[in-house]
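Chemist: compute the structure for the input listed below.
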Amino acid sequence: MLPANEKWFTEVCKEAGSAISWGIDAHLAHETTDFQTIDVYRTTQWGNLMVIDGFVMLTSRDNFLYHEMLTHPALFSHPDPKQVVIIGGGDCGTLREVLGHQGVESVTQVEIDEQVTRLAEQHFPELCERNGDPRARLMFDDGLAYIKSIAAGSVDVIIVDSTDPIGPAEGLFGPGFIADCFAALAPGGILVQQSESPLLHQKLIGGIRANMEQAGFDDIRTLGFPQPCYPSGWWSATQARKGGTIEAVSPERFAASGIQTRYFNPGVHVGALATQLP
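Modeler: Numbers count the residues shown, from 1 in each chain. The predicted structure follows:
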């Protein structure tokens, strides 16, 4: 039993028959937007915690795992990524990691709910430290419509940093959106989509992979990585390449990039590409 005089935030994961809780010091923000309800808490051990519609989005303590693994494997698998699009990603952690690649010339981030970014700027400023980079363009609009609107073959990497496939994010997991991403990518381009837990959501991952195959992608890989704040503690990103194969970064290229990471490295990249679904 939890002590009656302590405050806790608990997320229940019914499909796993489990729950996870964080000790709470303070409730820092509560916003109801046209799209969702957003809360930010200060925890006792995990820094700040952002929750959307009752589901944990990120904590200060472990978000680096997610943001590094959603971005660097795709950008290092591509031989020379210059034009990048992020769909979602309102906390701007993915944007920060992408902009660490000096060869990237332009990053457009399309987040449907501006308030996610405004709250991140206030409560997770370390994730937003590159928002003013001249290569960055922040849009607050519908990502599905944006992907349809851009010129065919004009993007090198598309990163879908979405919430769970409910509410505003539901369409980002459908076959039509994946086909539109395929059209937007240049030859050799890579699409990467956050794809939930390999332990709990095999059916969802199978559907994502089937949509990618149907769209015409040549190589499809699901990369697993630890993520303590999400159900099961194990998460994934599924990548698909338009022509060619997805390869791990060489130690030489990684070192030459000068990018400083806390989790991702060439050895982790090799291991993640070897992920086998249960």
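Chemist: pull the number of nearby residues for the closest residue to Asn131 other than its chain neighbours.
Modeler: Spatial nearest neighbour of Asn131, chain neighbours left out: Cys92 (5.8 Å); criterion: C-beta to C-beta, 6 or more residues apart in numbering. (Glycine included, C-beta is placed from N, CA and C.) The number of residues packed near Cys92 is 28, by other C-beta atoms under 10 Å.
Chemist: the strands in this structure, which residues?
Modeler: Applying DSSP state E to the chain gives strands spanning 8-13, 18-32, 37-43, 48-52, 55-59, 83-88, 106-110, 136-139, 155-161, 185-194, 219-226, 234-241.
Chemist: relative to Pro251, which of those strands is closest?
Modeler: strand 219-226 (18.2 Å; C-beta to C-beta).
Chemist: name every strand pairing with the closest one and say which way it goes.
Modeler: strand 234-241 (antiparallel) (DSSP bridges).
Chemist: what is the rounded mean pLDDT of the strand it pairs with?
Modeler: Averaged over strand 234-241, pLDDT sits at 96.
Chemist: distance of Phe182 relative to Ser21?
Modeler: With distances taken as C-beta to C-beta, to the nearest Å, Phe182 is found 41 Å from Ser21.
Chemist: in terms of neighbours, single out the busier of the two.
Modeler: Each of Phe182 and Ser21 has its neighbours counted (other C-beta under 10 Å); Phe182 has more, 21 against 13.
Chemist: list the contacts for that one?
Modeler: Phe182 makes contact with 191, 215-217, 242 under the criterion C-beta atoms under 8 Å, 6 or more residues apart in numbering.
Chemist: what do you get for Ser154?
Modeler: Ser154 neighbours (C-beta under 8 Å, 6+ apart): 83, 184, 186.
Chemist: next: Pro187.
Modeler: By C-beta under 8 Å, 6+ apart, the neighbours of Pro187 are 153, 242-243.
Chemist: now, which of the residues you listed sits nearest Val110?
Modeler: Gly153 (18.5 Å).
Chemist: so what pLDDT did that closest one get?
Modeler: 97.
Chemist: any idea how many residues pack against it?
Modeler: 12.
Chemist: let me see the contact set for the closest residue to it other than its chain neighbours.
Modeler: Closest residue to Gly153 apart from its sequence neighbours, by C-beta to C-beta, 6+ apart: Ala186 at 4.7 Å. Ala186 sits next to 83, 153-156, 242 when contact means C-beta under 8 Å, 6+ apart.
Chemist: please apply the same query to Ser197.
Modeler: 230-232, 234-236.
Chemist: as JSON lines, these with distance to Phe124 and neighbour count would be great.
Modeler: Listed next are the contacts of Ser197 as JSON lines, based on distance: C-beta to C-beta, whole Å; neighbours: other C-beta atoms under 10 Å:
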{"residue": "Tyr230", "distance to Phe124": "17", "neighbour count": "24"}
{"residue": "Pro231", "distance to Phe124": "21", "neighbour count": "24"}
{"residue": "Ser232", "distance to Phe124": "24", "neighbour count": "18"}
{"residue": "Trp234", "distance to Phe124": "23", "neighbour count": "18"}
{"residue": "Trp235", "distance to Phe124": "19", "neighbour count": "26"}
{"residue": "Ser236", "distance to Phe124": "23", "neighbour count": "25"}
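Chemist: out of the contacts of Pro187, which one sits closest to Arg96?
Modeler: For the contacts of Pro187, the nearest to Arg96 is Lys242 (25.7 Å; C-beta to C-beta).
Chemist: so who does that closest one touch?
Modeler: So Lys242 contacts 182, 185-191, 216-218 (C-beta under 8 Å, 6+ apart).
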